[in-house]
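Undergrad: Let me see the structure of the following:
(one chain, ligands or ions: 2)
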Amino acid sequence: MSRRFAAVDLGASSGRVMLADLSDGLELTEVRRFPNEPVTVAGRLQWDITRLYSEILAGLRDAGPVSSVGVDSWAVDYGLLDASSSLMGDPVHYRDDRTRGVAERVAESVGAETLYDVSGLQVLPFNTIYQLLADRLDGAVTMLLIPDLIGYWLTGEVGAEVTNASTTGLLDVRTRSWAFPLIERLGLPAGLFPPLRQPGEAVGELRGRAADAVGWSAPVTAVGSHDTASAVAAVPASGPAFAYISCGTWSLAGVELPQPVLTPESRAANFTNEAGIDGTVRYLRNVMGLWLLQECLRAWPGSDLRELLSAAAGERPFAAVVNPDEPVFLPPGDMPARIAAECRRTGQEPPSSPAAYVRCVLESLALGHRLAVRQAMELSGRDVEVVHLVGGGSRNELLCQFTADACGLPVVAGPAEATALGNVLVQARSAGLVSDLAEMRSLVAASQPLRRYEPSGDPQVWEKAAARLA
Ligand code: ADP
Ligand code: LRH
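TA: Ligands and ions are numbered 1, 2, ... in the order given. Reported below is the predicted structural model:
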């Protein structure tokens, strides 16, 4: 058996096929990266899933034969299969507005307390539960979350990997099985939900046209198929006293726990209890993340991220800060205009240049990180000595330093590709090469470049800035 494993990692902004070699430590190589650009079709924002699939096949072909393949992606979104197992249209993007008002209606009919008690999930308007209720399900036989859909196309096997299933709002947080009483109460067809599989279990063999296109075959192994589950599995922590921020399109900020927290205070703070590797709970809240910056850049064609970040470092501190989690920032569109409007609404002068916008975004995001990390500590009782910041955001030095300053805690930044690392390490464990989560994490710590940021400056300034958002 070779010690090479392939990770297919689909993020909301880009997808990649990564190759890991565990012959001597852990070496990770990017084989193929491709943009993930949603398309609007007849007024619906959708994922171009067939293009993503052909990129995946091309990436696997380039990777060459491996011992196993694992697939992860962003959460909550899904494809529907009909009776002939064909996909009934491209999956709808979670930022599409078809779920407007659905969460409120469900909370009224079922009760917000009941929903939280069953699933332990934070309310996000796009959770799968709300998407399914907004969808036309006639003719639909099976619902497959994105990595499960890719896994089905690669192997012909259907199933629902449990870490990602926990983001649907329809998984019982205590038993980690489908919450059929809730599913029935909502009038959703129970048959839509395929059998659950655990990270590390076999999905099937890469076969048929997929194997022809790739040019080789290998087992596909279920991983923490929710990208955040894989990312947190690869946080290079050495003990339990850590918080994490998985920072890409979203910032997922929180702590890892052995049990869910389902208190009224936790629900009021909209904290989520997502299923992690080995029965762990990802206790976190979504912060709007680098989406704010991505959408600003989209509004400024020709702009250069590196130049903007270095110019932002020289801008006046705290000239303007916004609450990054304002729902107005969620859909795609002119982000600078929305930030300007939010500044005016809160009595602040809007930023006057792209660099000033970037400064505002990064300080605002650091304030969002601070609040989520502090609340995670308070609500769970977990001590935190260090914040691990992983994902593409770990390459943003200014954001890492602001986060350390805002949290008043050291930030260890990296790896940027934590998700792919968590993906391959779960496969490697199934192959008997790694023993447990602690060993996975120490392998990451020993093999990947990390950078430490100590909190600096006067903590009072962040205190005051946070008070401006309260
Ligand atoms: P996702 O998985 O959600 O698509 P990633 O983890 O790939 O997101 O992170 C993408 C983000 O990382 C980009 O939007 C960008 O802000 C940030 N990023 C990536 N590379 C760099 C870099 N060299 N410098 C600063 N920021 C970076
Ligand atoms: C990050 C992520 C996050 C979800 C969001 C939809 O990529 O999976 O954990 O909340 O996408």
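Undergrad: Which residues does stretch 228-235 contact?
TA: The contact list for stretch 228-235 (CB atoms under 8 Å, 6 or more residues apart in numbering) reads 9, 72, 75, 163-164, 199, 223-224, 242, 244, 246, 252, 256, 274-277, 280, 282, 284, 388, 390-391, 415, 418-423, 425-426, 437, 440-441, 444. Placement of C-beta: from N, CA and C, glycine included.
Undergrad: Kindly identify which of the residues you listed also come near ligand 2.
TA: For ligand 2, the contacts drawn from the contacts of stretch 228-235 by CB under 6 Å from any ligand atom are 75, 252.
Undergrad: Just the ones of the contacts of stretch 228-235 in strands?
TA: 9, 72, 242, 244, 246, 252, 256, 274-275, 282, 284, 388, 390 (DSSP state E).
Undergrad: Which residue comes closest to whatever residue of the stretch 101-250 of the chain ends up closest to ligand 1 once chain neighbours are left out?
TA: Here the residue of the stretch 101-250 of the chain nearest ligand 1 is Gly248; by CB to the nearest ligand atom that distance is 2.5 Å. Excluding the flanking residues, the one nearest Gly248 by CB to CB, 6 or more residues apart in numbering is Gly391, at 4.2 Å.
Undergrad: number of nearby residues for that neighbour?
TA: Gly391 sits with 29 neighbouring residues when counted by other CB atoms under 10 Å.
Undergrad: Residues touching stretch 21-32, excluding its own?
TA: 3-6, 16-20, 55, 58-59, 62-63, 415, 417, 420-421, 424-425, 428, 433-434, 443-444, 446-448.
Undergrad: In the longest helix along the chain, which residues are buried?
TA: Secondary structure of the chain per DSSP state H: the longest helix is helix 354-380. Within helix 354-380, the residues scored as buried using 16 or more other CB atoms under 10 Å are 354-377, 379-380.
Undergrad: With stretch 206-219 instead?
TA: Neighbour count says stretch 206-219 has 206, 210-211, 213-214, 217-219 buried, by 16+ other CB under 10 Å.
Undergrad: Which of the residues you listed fall in helices?
TA: Among the buried residues of stretch 206-219, the members found in helices (DSSP H) are 210-211, 213-214.
Undergrad: nearest to Trp47, of those?
TA: Ala210 (18.9 Å; CB to CB).
Undergrad: Which element, helix or strand, includes the closest residue to that closest one other than its chain neighbours?
TA: Excluding its sequence neighbours, the residue lying closest to Ala210 (CB to CB, 6+ apart) is Leu154, at 4.8 Å. If you go by DSSP states H and E, Leu154 is part of helix 146-155.
Undergrad: ok so, going back, per-residue pLDDT of the residue nearest to Ala210, please?
TA: On pLDDT, Leu154 comes in at 98.
Undergrad: Enumerate every residue touching Val71.
TA: Listed by CB under 8 Å, 6+ apart, the contact set of Val71 reads 8, 10, 56, 147, 150-151, 154, 220, 223, 225, 423.
Undergrad: Now neighbour count too, for those, in TSV please.
TA: Shown next, in TSV, are the contacts of Val71 (neighbours: other CB atoms under 10 Å):
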residue	neighbour count
Val8	31
Leu10	25
Ile56	26
Pro147	30
Ile150	26
Gly151	30
Leu154	29
Val220	26
Val223	39
Ser225	31
Asn423	34
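Undergrad: Of the residues you listed, which are in range of ligand 1?
TA: Within the contacts of Val71, nothing lies near ligand 1 by CB under 6 Å from any ligand atom.
Undergrad: Just give me the closest of those residues to ligand 2.
TA: Nearest to ligand 2 among those, counting by CB to the nearest ligand atom, is Leu10 at 8.8 Å.
Undergrad: and that closest one, how far is that from Asp77?
TA: For Leu10, the distance to Asp77 (CB to CB, to the nearest Å) stands at 10 Å.
Undergrad: give the contact list for the residue in the stretch 351-470 of the chain that ligand 2 sits nearest to.
TA: Residue nearest to ligand 2 within the stretch 351-470 of the chain: Thr419 (8.3 Å; CB to the nearest ligand atom). Applying CB under 8 Å, 6+ apart to Thr419 gives the contacts 7, 9, 11, 72, 227-228, 230-231, 234, 246, 390-391.
Undergrad: same deal with Val287?
TA: 245, 250-253, 324-325, 365, 368-369, 372.
Undergrad: Which residues are in contact with Val384?
TA: Val384 neighbours (CB under 8 Å, 6+ apart): 241-243, 255, 373, 376-377, 409.
Undergrad: mind putting the residues you listed in CSV, pLDDT included?
TA: Listed next are these as CSV, based on pLDDT from 0 to 100:
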residue, pLDDT
Ala241, 98
Phe242, 98
Ala243, 98
Val255, 98
Val373, 98
Ala376, 98
Met377, 98
Leu409, 98
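Undergrad: Mark which of the contacts of stretch 21-32 are buried, thanks.
TA: 3-6, 16-20, 55, 58-59, 63, 415, 417, 420-421, 424-425, 428, 433-434, 443-444, 447-448.
Undergrad: Just the ones of the residues you listed in helices?
TA: 55, 58-59, 63, 420-421, 424-425, 428, 443-444, 447.
Undergrad: Tell me the residues of the stretch 101-250 of the chain that contact ligand 1?
TA: Close to ligand 1, as judged by CB under 6 Å from any ligand atom, the stretch 101-250 of the chain has residues 248-249.
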